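Peer 1: Have a look at this prediction, sequence included:
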Amino acid sequence: MNSPTLWVYLASSPLFWLTATLVVWVLADGLAAASKRHPLVNPVLISIVFIGALLAASGVSYKTYFDGAQFVHFLLGPATVALGVPLYRHRQLVARDLLPMAAALGVGALVAITSALLIARAMGVPREVLVSLAPKSVTAGVAMAVTEALGGIPSLTAALVILTGITGAIVVTPLMNLLRMRDYAARGFAAGLAAHGIGTARAFTVDPIAGTFAGIAMGLNAVFTPLVVPLVLTWLKI
């Protein structure tokens, strides 16, 4: 079997893309660890760039890639459920901060939605794109469902969700340090609220308490944002 034929065979194999995804992630995470988890060395961003470049160079469609890598997608469910473990471990701290978390959730979610919509509308962005932008700070599955129900573009929302998560994961630590915020519960909650799962993953690399509160914020925002997005769109007459 010559090289071109071998590559065609491998590129069409689901196992190849699953293996490629895992290998790229291990390498990306190794780079992040070698940088002592510097915010700019984000393993999610590195993995996206590597896999995207590989797909572009090989001419393989995303559908073919996803057919192989969907097992990783399946693991998102168990990984989300596993966030309950640190939540249970820090339950007393969580119970103490219920009221501040409720206030932060309401203010943070509304600011995230409203600020993005106002800026985008001022730039002349059409309604369909505005609707796609509104739920950018919640996890992709929820955000895409909200967008589809309101007449937006789910695929665009998915891209915006990933961009929001990566941006949040990169800027959250330097920003919190600049603001001299030392409370890891507050830092983590802000990361999870603004940058969903990617921000939560970043929070866990910084401190377990930050990760716990980021997971709480991510879950609460996934419930709160779908409820308020239609209201905000109506209020802003979008």
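Peer 2: Received it, and whenever you're ready, just let me know what you need.
Peer 1: Okay, domains of the chain per the record?
Peer 2: Residue ranges for the domains of the chain, per automatic domain parsing: 1-74, 82-238.
Peer 1: which other helices and strands contact the longest helix seen in the chain?
Peer 2: In the chain, with assignment by DSSP state H, the single longest helix is helix 208-235. Under the contact criterion of 3 or more Cβ pairs under 8 Å, 6 or more residues apart in numbering; DSSP states H and E, helix 208-235 touches helix 84-89, helix 91-96, helix 98-122, helix 140-150, helix 184-206. Where you see a C-beta, it was placed from the backbone N, CA and C, and this is true even at glycine.
Peer 1: Look up how far Asp67 lies from Gly124.
Peer 2: Plainly put, Gly124 is 39 Å away from Asp67 if you go by Cβ to Cβ, to the nearest Å.
Peer 1: Compare the two (neighbour count), which wins?
Peer 2: Higher neighbour count among Gly124 and Asp67: Asp67, with 14 against 6, using other Cβ atoms under 10 Å.
Peer 1: pLDDT weak spots in the protein?
Peer 2: Flagging of the chain using pLDDT under 70 yields the residue ranges 1-14, 73-74, 76-77, 80, 83-84.
Peer 1: let's go with 50 and repeat that
Peer 2: 1-2, 6, 9 (pLDDT under 50).
Peer 1: Can you report how many residues neighbour the nearest residue to Ser132 once chain neighbours are set aside?
Peer 2: Nearest residue to Ser132 in three dimensions, chain neighbours excluded: Gly152, at 3.8 Å (Cβ to Cβ, 6 or more residues apart in numbering). Using other Cβ under 10 Å, Gly152 has 23 neighbouring residues.
Peer 1: Specify the local secondary structure of Gly152.
Peer 2: Put simply, Gly152 is coil when judged by DSSP: H, G, I helix; E, B strand; the rest coil.
Peer 1: measure Glu67 to Gly152 for me?
Peer 2: Small correction: residue 67 is Asp, not Glu. 26 Å.
Peer 1: Thank you kindly, that will do.
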